[in-house]
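Enquirer: the sequence and its predicted three-dimensional model are supplied below.
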Amino acid sequence: MSENQTMTQYQLAEKSNFRTCRVRIFGLLTLVFATAWSGSVTIAANTIKETAAGSDTPACEYADYPATDILIQLEYYSQHGVNSNSSGKLLIDSLIKFQKQLVTGASPLPSCDSREPMAVLKRLKEMFAEIGKAEYIKRGLYSYRLSGAPEENAEMIAQLLPKQAEFINQLYARPEVGVLLTAARKHKDLGRYDEFQGRMIDAMRYDHAVHTAIPEELVSRLAVIQSQGRGFHATWKTANNKEDALEWLEAVFEVQREVGRAMAEALDLETPYDGALAMFQPGYDSKSLNRFFGELIPEVKQVAEQAIRQQTGRAKPKLPPGPYDLKQQEKLNEITAGIFQVDENRYHLSFSNLHSLEGGLPGDVRLVVNLSKSRLGDFVKSNRSTMHEIGHGLYIDAIPEGIQFSPLGKLMGTGVEEGMAFFVEKMVTRSRPYADFIAPQATQIFQKQVSAADYFQSRTWVERSLIRIAADEVTYPLHPYIRMQIERDLINGVMEIDDLECRWSQLYQEHLGVKPDTPGRGFLQDAQWFAGKVGMFPFYTLGDAIAVQIWQAMENDLGNLDRDIRNGDLSRVREWLDTEVFSKGRYIDVDEFMIDLTGEPLSAKFLIAHLRSRYLNEQP
């Protein structure tokens, strides 16, 4: 059978079967979420049943997804009412709007001749846009689970998420995708695509390889971990319950070891940990990270030692004691978030007593910031969290809309994504000009005298500590480095989970000179491992380095930005980032991006120079 004949069979299957299922699936999602808010649950259930029963088309393997589980959730809503949490409602409203656009724009896929390069590319773009939209639904449900859903509803969403993950992998695994990608690679090798089109094909092939490498059963197990792990972690951390925590982590690392092996085999990488790293930042493996940290860590320790020595004899600066009213904190955070002159119609900033997170699409960015009673005594933490999420939001909002659901419309990787959050949180909000900007605002809002000097010194005070998210800018890189060593050895099978607590204490003593007094201040402090995010930690520190290198390139173009920060107007910064950073999408990799922007690949030396300048007053 010829390739063209094979394609024709796939075309017929797609046109007669899958297309109908696709419209039905997306339509069901829109219908059930929309009716959930109007209260017409029974009507929705009956409509879904009638739609399924009245169809003349053959059933497809996706047809039942996700109707059954969503109906269970809707019945619960019908009995107990709709959740009124504002952050959760914002996220669900976003999904409703999105799904309405999907169904309205649905149309049958055209036939495709694999011998025609543009026809192949067009069909692939349509199929990968479909995948991108399914991935967006999954992210939206996950965000709602973390930030807005009551516990009972969150559990139902947790059951739905693995099915959505399986569905996404089924979309990737359709035979036509593989056939078309093979044809597209041949066309690319023959020079039938321009550079942009060729990179689009490369990104599609990478994503296809990643998602088809992992067996569906593993996808489902990983999705369960991702959806339930954070809730378990919060409970165990509060109770210092290390026994249950270690049992869960043993299961997590068992799954991640299998995922890492599958990824390493598919991408021709050396170790399972390399496979895990590839899930977060393509192009980086254990060897490249060892080189990066090998240069960075000795310098960080030296800067920390000198900075702490310089502080000898000085009292740690203190801001006026709380409480700081939560509504007043919201007001301050909204003012400081406005320094980037973002369009309020495109950004939705809400505050919750749950997790801080970011999500959404260009033009519809959703940011949720933790603002709980525990922060009554420290407005700095909630402001830091707000500005960190704003950094994420700037990146989300600026991905070109024309490629937002394509592989090139994804973010460049976790390192760059966190780099933009640290760009705002560390390069801007830990600077003296930002202290000059926020201090009078805080004084006026809280009616407490907040000194700019004290604010700046409190944000740049260096000390050895146990908690990663509370660490100062100098010692922070040591925390992800410790976690990297532990997760590497666990995934690669050279360390047992029973040794985790002891290894954690040994490494903290070695690198920071401190030991945790409770599990909650030790290995239980972070949620990432519990939620299956193994391989993510080293890219927080890469994000630090990326932020510094981008900042220096920006100052070379725009000049000194101290006045802009003091005036609370970073519109010039926003415009520069839009053009020089955000518009790239995933068109290029990190090192190519850095070379284009700064003339050099990503290097620890820029972060080292920044720390020496800010904390030791050394000039580069």
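Expert: That came through fine. Numbers count the residues shown, from 1 in each chain.
Enquirer: mean pLDDT per helix and strand in this structure: which one sits at the bottom?
Expert: Lowest by mean pLDDT, DSSP states H and E among the helices and strands of the chain is helix 41-54, with a mean of 29.
Enquirer: so where's the stretch 451-600 of the chain shaky on pLDDT?
Expert: Residues of the stretch 451-600 of the chain meeting the criterion pLDDT under 70: none.
Enquirer: next: the stretch 1-150 of the chain.
Expert: 1-111, 143-150.
Enquirer: what does the stretch 151-300 of the chain give?
Expert: 151-156.
Enquirer: quick one: the strands in it?
Expert: Counting by DSSP state E, counting those that start in this stretch, the stretch 151-300 of the chain has no strands at all.
Enquirer: how about the helices in it?
Expert: With DSSP state H, counting those that start in this stretch, the ranges of helices along the stretch 151-300 of the chain come out as 151-173, 175-189, 195-213, 216-239, 242-267, 272-278, 286-310.
Enquirer: deepest of those, which one?
Expert: Mean neighbour count (mean count of other CB atoms under 10 Å) peaks for helix 272-278 among the helices of the stretch 151-300 of the chain, with a mean of 27. Bear in mind the C-beta positions are built from the backbone N, C-alpha and C, glycine included.
Enquirer: for that one, name the packing helices and strands.
Expert: For helix 272-278, the packing partners by 3 or more CB pairs under 8 Å, 6 or more residues apart in numbering; DSSP states H and E come out as helix 242-267, helix 286-310, helix 478-491.
Enquirer: pretty sure residue 411 is in a helix, no?
Expert: No: using DSSP: H, G, I helix; E, B strand; the rest coil, the secondary structure at residue 411 is coil, not a helix.
Enquirer: the nearest residue to it once chain neighbours are set aside: what's it in contact with?
Expert: Distances taken as CB to CB, 6 or more residues apart in numbering put residue 417 closest to residue 411, at 4.9 Å, once the chain neighbours are dropped. By CB atoms under 8 Å, 6 or more residues apart in numbering, residue 417 lies in contact with 392, 395, 411, 543.
Enquirer: and residue 417, what helix or strand is that in?
Expert: Element membership of residue 417 [criterion: DSSP states H and E] is helix 414-422.
Enquirer: could I get the average pLDDT for the helix or strand following that helix?
Expert: Sequence-wise, the next helix or strand downstream of helix 414-422 (DSSP H and E) is helix 432-446. For helix 432-446, mean pLDDT is 97.
Enquirer: the chain should start at 131 in everything you say after this.
Expert: Happy to do that; since the first residue is 131 now, the last one works out to helix 562-576.
Enquirer: what's helix 562-576 in contact with?
Expert: Contact partners of helix 562-576, identified using CB under 8 Å, 6+ apart, comprise 450, 454-455, 458, 461-462, 465-466, 469, 509, 513, 558-559, 578-583, 585-586, 589, 691-693, 695-698.
Enquirer: repeat that for 6 Å
Expert: Contacts with helix 562-576, where a contact means CB atoms under 6 Å, 6 or more residues apart in numbering, come from 454, 458, 461-462, 465, 558, 579-580, 582, 585-586, 692, 695-696, 698.
Enquirer: mind listing what's buried along that helix?
Expert: For helix 562-576, the neighbour count (16 or more other CB atoms under 10 Å) marks 562-569, 571-572, 575-576 as buried.
Enquirer: so for the next helix or strand after it, what gets flagged as buried?
Expert: Scanning forward in sequence from helix 562-576 by DSSP H and E, the next helix or strand is helix 582-589. Buried positions in helix 582-589, judged by neighbour count with 16+ other CB under 10 Å: 582, 584-589.
Enquirer: how about stretch 491-506?
Expert: For stretch 491-506, burial by neighbour count (16+ other CB under 10 Å) applies to 491-492, 494-501, 505.
Enquirer: just the terminal-to-terminal distance for that stretch.
Expert: With CA to CA, to the nearest Å as the measure, the ends of stretch 491-506 fall 32 Å from one another.
Enquirer: before we move on, what about stretch 320-329?
Expert: Stretch 320-329 has an end-to-end distance of 14 Å (CA to CA).
Enquirer: chain center to that stretch, what's the gap?
Expert: Put simply, stretch 320-329 sits 29 Å off its chain's centre (CA atoms, centre = their mean, to the nearest Å).
Enquirer: which outside residues touch it?
Expert: If you take CB under 6 Å, 6+ apart as the criterion, stretch 320-329 is touched by 247, 318, 717.
Enquirer: what's the helix or strand for residue 489?
Expert: Here residue 489 sits within strand 487-491, counting by DSSP H and E.
Enquirer: strands paired with that strand, and their directions?
Expert: With DSSP bridges as the test, strand 487-491 is paired with strand 494-500 (antiparallel).
Enquirer: for the strand it pairs with, what is the average pLDDT?
Expert: For strand 494-500, mean pLDDT rounds to 79.
Enquirer: neighbouring contacts of the next helix or strand along the chain from it?
Expert: Reading on from strand 494-500 to the C-terminus, the next helix or strand found by DSSP H and E is helix 509-528. Helix 509-528 has contacts (CB under 6 Å, 6+ apart) with 454, 459, 463, 467, 476, 486, 488, 490, 492, 495, 497, 499-501, 505, 550-551, 553-555, 559, 708, 712.
Enquirer: gap between helix 509-528 and the chain center?
Expert: Taking CA atoms, centre = their mean, one finds helix 509-528 lying 13 Å from the centre of the chain it belongs to.
Enquirer: for residue 453, which non-adjacent residue is spatially closest?
Expert: Once flanking residues are discounted, residue 453 sits nearest to residue 506: 4.0 Å by CB to CB, 6+ apart.
Enquirer: please apply the same query to residue 332.
Expert: Take residue 332 and drop its neighbours on the chain: the residue closest to it by CB to CB, 6+ apart is residue 318, 7.9 Å away.
Enquirer: picking up where we left off before, now do the strand holding residue 489 and helix 509-528, the angle between them.
Expert: Inter-element angle recorded for strand 487-491 and helix 509-528: 20 degrees (by axes from the mean of the first three to the mean of the last three CA atoms, to 10 degrees).
Enquirer: buried stuff in strand 487-491?
Expert: Quick answer for strand 487-491 (16+ other CB under 10 Å): 487-491.
Enquirer: quick one: mean pLDDT over it.
Expert: On average, strand 487-491 scores 74.
Enquirer: that one vs helix 544-552, what angle?
Expert: 110 degrees.
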